[in-house]
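Colleague: any chance you could fold what I've pasted below:
(chains A, B and C)
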Amino acid sequence: MKSKTRKNIVRYKWLYIMMLPGMIYLLINNYIPMAGLVIAFKKVNFQTGIFQSPWCGFENFKYLFRTKDAWIITRNTILYNLVFIILALVVSLALAIFLSEIRNKKLRSFHQACVLIPYIISYVVVSYLVYAFLGTNGLVNKGILIPFGGKPVNWYMESKYWPFILVFVNTWKNAGYASVMYLATILGFDDSIFEAATLDGVTAWQKIRYMTIPLLKPTIITLTMLNIGRIFYSDFGLFYQVPQNSGAILQATNVLDTYVYRGLLELGDISMSSAAGLYQAVVGFVIIIAANLIVRKISPDDAIF
Amino acid sequence: MYLKVKRQITLYGVIKNIFLWFFSLCCLIPFLLLIISSFTEDKSIMQYGYSFFPKKWSLDAYIYLFSQGGKIIHAYGISVFVTVLGTLMGVSMTLLLAYPLSRKELPGRNILSFLVLFTLLFNGGLVPSYIMWATVFHMKNTIWALLFPNLMVKAFFVIMARSYFQSSIPLEILESGRIDGASEGKIFSKIVLPLTKPLIATLVLFIGLSYWNDWNNGLIYLTDSSLYSIQNVLNEMIKSIQALSSMGGIASSRVALPSNTVRMAIAVVGTLPLLIVYPFLQKGFVRGIVVGGVKG
Amino acid sequence: MKKRTLSMLLASAVAVSAMSFTSPATVLAEEMPNLVVSYAYAEIPADIDKIEAALSELAQEKIGCTVTLEAFTYGNINDQLTLILSSPSEQLDVMFGRFFGTGISGYVSKGQLTGLNDLLDEYGQGIKEVIGQDYLDAASVDGEIYGVTTCRDLGAQNAFLFRKDIIDELGIDLSTVSDYEDLTPIFEQIHEAHPELYVTGASATQSPFFVKQFKKVDFLADRLGVLMDYNEPVVSNLFESEEFRDLVELTTQWNQAGYIYPDITTDSSNSVQMLLSNGLAASYMQSWKPGAIVENQNTVQNYELEAAVIGHPAAFTMSVQSWMWTIPTNSKYPEKAMEFMNLLYTDEEVVNLLSYGIEGEHYVVTDDGFAADGPESSGYADKAAWKAGNAYLAHVWEGDEADLYEQLKAFNESADKTCAMGFVMDNSSVSAEYTALQSVLAQYETLLEWGFAGDIDATIEQFNNALYEAGLQAYMDEKQRQLDEFLGK
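Modeller: Numbers count the residues shown, from 1 in each chain, chains lettered A, B, ... in the order given. Coordinates of the predicted model:
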């Protein structure tokens, strides 16, 4: 057994060598700085040095749970991410399938370019655009509500609208980007089966249901698992800049990242911020391990490790 | 090559078209607003709000940008250089790392995959990586600071590429290559790569975008504004406006701040190159690649 | 086996990064030390290299060292300085830093700043003369001074700046205004005459309402536990006070009457000056000091300004500590650094260079002794004299009054000094409470202060309940304890 492994390693030596540059990069860029995670457990004094500073246990994590809002923040973070993951999956899959069926090359290029545009625009500029639509003198109030006899809405003061606005903006911004990978995978499929199916009178819905989706399953599982691993993270730009840091809607927009940002803005405490990062990572880690275990039971080929 | 199917109006076709056009327009219209407002007179935006039909058109924002001398052009050059080089290196390293991980028979594959995945979740945080790149590798105020930290190889893309290799490269092809006596390197370059054009196009797009859109590295590692990328220039303007107004009177200076329209114009200037390059990239998204008679 | 090599690699890499604290360059630089000096601008000037060279030359001639000038913008200075100060092997000898919010206490407890007492005695006599012991002590922790403030407005006062044409047109006399309540009839008059204008605006980032000063309150840096009367060292909750409720009632009244720009708390893209310049707002709130009108006029186009000044100037710890010159522990040559800082407070050439650029190029001196735009003015556009140490050594900029510096000195003299001058809370023992409280402030404060809360009493009650649930009492108790200790000394 042992010698066989050794033989295999020799046999695959080129494969290992191929991996070297990437692995070395990850080692340097990601693994070495991880030594700095000790900061989260230290009361740092830079004069004595990070590693020599005294330990302080979980002191730096306390603030994450101190507030009564802790559960609102956790709930917001997880619920938004769940909705984002599901909706992004549905919309980007639909986009990818529909795009792949367009035979007219120019038209496909056009649509493909359009859906990617929002991803290119940075969140600060997106926040200006959202403000252009939703401000008191914005296009929605002035262009739609008032001309049609409605009452203008002060969008930035009403938290009930914001779950929808945030979900919309997030989908708008990311679905096109997320569809690219599905599109690439679909285009890699063997086209002849689909042609044959069409000739056999299989309807479009049936093709999607029984052919495309099953073929896409590994990609869907992988991408969804990767997203689930980041369920405790949230895009700062989306939750802080797009709502213009408006207090009135904080119940609907406060997530872990914005809570940490507001709390540490003036404090600049790197121990506390690294504690928050570690907390997010550990939660993501536990979830992704669990998800991987489940996937390994159901469809072992698609497990990540 | 494709069989001509009679055009029929089906419910599916209608839904498909409505969905696509709706989504495309949703994406396009705000972008149009962005472009139009960059050509609008600043005063009319302030007074009447943003509009698709501005009261008064103006080229002021672009005149201001070009009056900045070489600043914008220079920043463009930096962005292009970093994006091209970074994408080249990033895509090659990602492909080279992902492909072996996709080979189920490779000893240690699971552990190695786990090591890659681990970096998706855990990171040392900003300060430790700053200390490393700035004081061990001396990247501060060099162009390499825009290239190396954070962006080059990302676990997300590696796992994604691995999954693509796994689902799109039939094992028979690899077997046939091996029987012909081809080396692993040859199998990869001559058989696998040509089959994965859509993947390569995707990676070029994703990694290219993360380089083009990045301003964080510049914010952290650069104090020398001659190395700023176009995103850093935009970001600096916006941050300065916010910082100045939050400081109230104390830090007043004689510098006039760029207006709304200028910021919009820079955003336009920053996105245009991508729209120009993208059609070429789309050539990679082709279907039905035929290799060695196995496919097609 | 593989695991072992990996952990060895990791360990050695960490060791390398830990060891590189002493760089070999020290040996070479023995003859002529090079100081790294940080400075801040609104945007990085095009000719920064020329300024650096000229500054280096001056320093070489006067104190025998060369200078590297690290320029930051107000936008990135926080991010970058935090990182540099967390990376002790990076050289930074003299730092012009921004210490908003919680002052220097956090930096001191993390060991990021060098104590200056001995250095000041030995190399900083000029500084001691210019700034005076009181304002030096205002930046000290446990008797050790850590920073030197600049010569600028150290007293805080608020004002509303109005469009002069409207004030003249309606025959309003702004000198009658002494408190916020006095503004109501003026606002009403303007609103009636010019319904197309918002009477007053501010930018979203400028909240909270009271920029720096409100009644006789000392905010004690973070508004979480304040002195309602700055002569009495009693920490209490501002948001439960009668004064706060009155203010909210007043602004709510303004808001409901339509005087306030409705997007005041959410429009981050337009500055107040832009609103006024483009004919949207008739006034805005700004902090006040001698020369404030001229200064604001620089960024306001199309209209002239006139001010209604509120209250009486008062000096607090934060107005002294907000911007200071310091020597970080990153410094390689603390003694030279102090000599350089001393130059900033005693040497006319250095101060003028940093403030206005190179004479004859970026600025010229007029016959009356004012500084004015030079032929290459745009190469160093950021012409502000409050930053470079002793601004009183700089020429007065053309357009300001010739006796501006005398006015400023008189303004600082006249400012009431809080009894807690020099006190900054070290909140590291209650940092969990502090962070939780920040979220509560973000949720309620601006909303109430700009009059957007429908039911005032109910909202204030909710606000206070949320504050106490987030640990305000514990936070205030700790603050009071530290303040007593500070004053007892």
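Colleague: going forward, measure contacts and count neighbours with C-alpha atoms only.
Modeller: OK.
Colleague: any chance you could map the strands in the stretch 51-200 of chain C?
Modeller: Applying DSSP state E, counting those that start in this stretch to the stretch 51-200 of chain C gives strands spanning C:66-73, C:94-98, C:140-141, C:144-145, C:148-149, C:156-163.
Colleague: those: which one's closest to chain B?
Modeller: Distance to chain B, taken as Cα to the nearest Cα, is lowest for strand C:66-73 among the strands of the stretch 51-200 of chain C, at 6.4 Å.
Colleague: centre-most residue in the chain?
Modeller: Let's take chain A. A:Asn227 (5.3 Å; Cα atoms, centre = their mean).
Colleague: wait, chain B
Modeller: B:Leu209 (0.5 Å).
Colleague: re earlier: can I get the strands of the stretch 51-200 of chain C in CSV with mean pLDDT and distance to chain A?
Modeller: CSV is the format used below for the strands of the stretch 51-200 of chain C (pLDDT from 0 to 100; distance: least, Cα to the nearest Cα, whole Å):
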stretch, mean pLDDT, distance to chain A
strand C:66-73, 90, 17
strand C:94-98, 88, 10
strand C:140-141, 86, 16
strand C:144-145, 90, 16
strand C:148-149, 90, 19
strand C:156-163, 87, 20
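Colleague: mind jotting down where the helices sit in the stretch 101-250 of chain B?
Modeller: For the stretch 101-250 of chain B, the helices defined by DSSP state H, counting those that start in this stretch cover B:109-121, B:126-131, B:144-147, B:155-168, B:171-179, B:184-186, B:193-195, B:197-213, B:216-221, B:230-246.
Colleague: ignore what I typed, I meant the stretch 251-400 of chain C.
Modeller: C:272-277, C:292-297, C:317-321, C:334-346, C:348-356.
Colleague: contacting residues around the last one?
Modeller: Contacts with helix C:348-356, where a contact means Cα atoms under 8 Å, 6 or more residues apart in numbering or on different chains, come from C:51, C:55, C:58, C:343-345, C:359, C:362-363, C:380, C:382-391, C:393-395.
Colleague: let's see it at 7 Å
Modeller: Counting contacts by Cα atoms under 7 Å, 6 or more residues apart in numbering or on different chains, the residues outside helix C:348-356 that touch it are C:Leu55, C:Leu344, C:His362, C:Tyr363, C:Lys383, C:Ala384, C:Ala385, C:Ala388, C:Ala391, C:Leu393, C:Ala394.
Colleague: what about it, average pLDDT?
Modeller: The predicted model assigns helix C:348-356 a mean pLDDT of 90.
Colleague: got the buried residues for the lengthiest strand in chain C?
Modeller: Longest among the strand segments of chain C by residue count, using DSSP state E, is strand C:305-315. Taking 16 or more other Cα atoms under 10 Å in any protein chain shown as the neighbour-count basis, strand C:305-315 is seen to contain the buried residues C:Leu305, C:Glu306, C:Ala307, C:Ala308, C:Val309, C:Ile310, C:Gly311, C:His312, C:Pro313, C:Ala314, C:Ala315.
Colleague: farthest pair in the residues you listed?
Modeller: Pairwise distances across the buried residues of strand C:305-315 (Cα to Cα) peak at 25.5 Å, for the pair C:Leu305 and C:Ala315.
Colleague: so C:Gly374 sits right up against C:Val365, yeah?
Modeller: No. Using Cα atoms under 7 Å, C:Gly374 makes no contact with C:Val365, being 8.7 Å away.
Colleague: number of residues surrounding residue 69?
Modeller: Since you didn't name a chain, this refers to chain A. Other residues near A:Asp69 number 21, with proximity taken as other Cα atoms under 10 Å in any protein chain shown.
Colleague: correction: the question concerned chain C.
Modeller: Under the neighbour criterion other Cα under 10 Å, C:Leu69 is assigned a count of 20.
Colleague: residue contacts, it?
Modeller: Going by Cα under 7 Å, 6+ apart, C:Leu69 touches C:Val36, C:Val37, C:Ser38, C:Glu52.
Colleague: tell me which of the residues you listed is nearest to chain B?
Modeller: When the contacts of C:Leu69 are compared for distance to chain B, the smallest value, 10.2 Å, is given by C:Ser38; criterion: Cα to the nearest Cα.
Colleague: picking up where we left off before, so which of the contacts of helix C:348-356 wins on neighbours?
Modeller: Counting by other Cα under 10 Å, C:Ala388 has the largest number of neighbours within the contacts of helix C:348-356, with 29 neighbours.
Colleague: residue contacts, the nearest residue to C:Ala281 once chain neighbours are set aside?
Modeller: Leaving out its chain neighbours, the residue that sits closest to C:Ala281 by Cα to Cα, 6 or more residues apart in numbering or on different chains is C:Tyr198, at 4.7 Å. Contact criterion Cα under 7 Å, 6+ apart gives C:Tyr259, C:Ile260, C:Tyr261, C:Leu280, C:Ala281, C:Ala282 as the residues in contact with C:Tyr198.
Colleague: now the fourth one. Its backbone dihedrals?
Modeller: For C:Leu280, the backbone dihedrals are phi -100, psi -40 (criterion: degrees, to the nearest 10).
Colleague: doesn't C:Pro195 make contact with it?
Modeller: No. Counting by Cα under 7 Å, C:Leu280 sits too far from C:Pro195 to count as a contact (10.6 Å).
Colleague: per-residue pLDDT, the residue nearest to B:Asn141 when sequence neighbours are not counted?
Modeller: Ranked by Cα to Cα, 6+ apart and with sequence neighbours excluded, the top spatial neighbour of B:Asn141 is B:Leu222, at 4.8 Å. pLDDT for B:Leu222: 88.
Colleague: count the residues that sit near the closest residue to A:Phe305 other than its chain neighbours.
Modeller: What sits nearest to A:Phe305 in space, not counting adjacent residues and going by Cα to Cα, 6+ apart, is B:Asn110, at 4.6 Å. As a burial measure, B:Asn110 scores 16 neighbours (other Cα under 10 Å).
Colleague: isn't B:Asn110 up against A:Asp302?
Modeller: No. At 12.0 Å, B:Asn110 and A:Asp302 do not qualify as touching, with contact defined as Cα under 7 Å.
Colleague: list phi and psi for the residue of chain B at minimum distance from chain A.
Modeller: Distances between chain B and chain A by Cα to the nearest Cα are smallest at B:Gly124, namely 3.8 Å. Backbone torsions of B:Gly124, given as degrees, to the nearest 10, read phi -80, psi -10.
Colleague: do the same with B:Leu222
Modeller: phi -110, psi 130.
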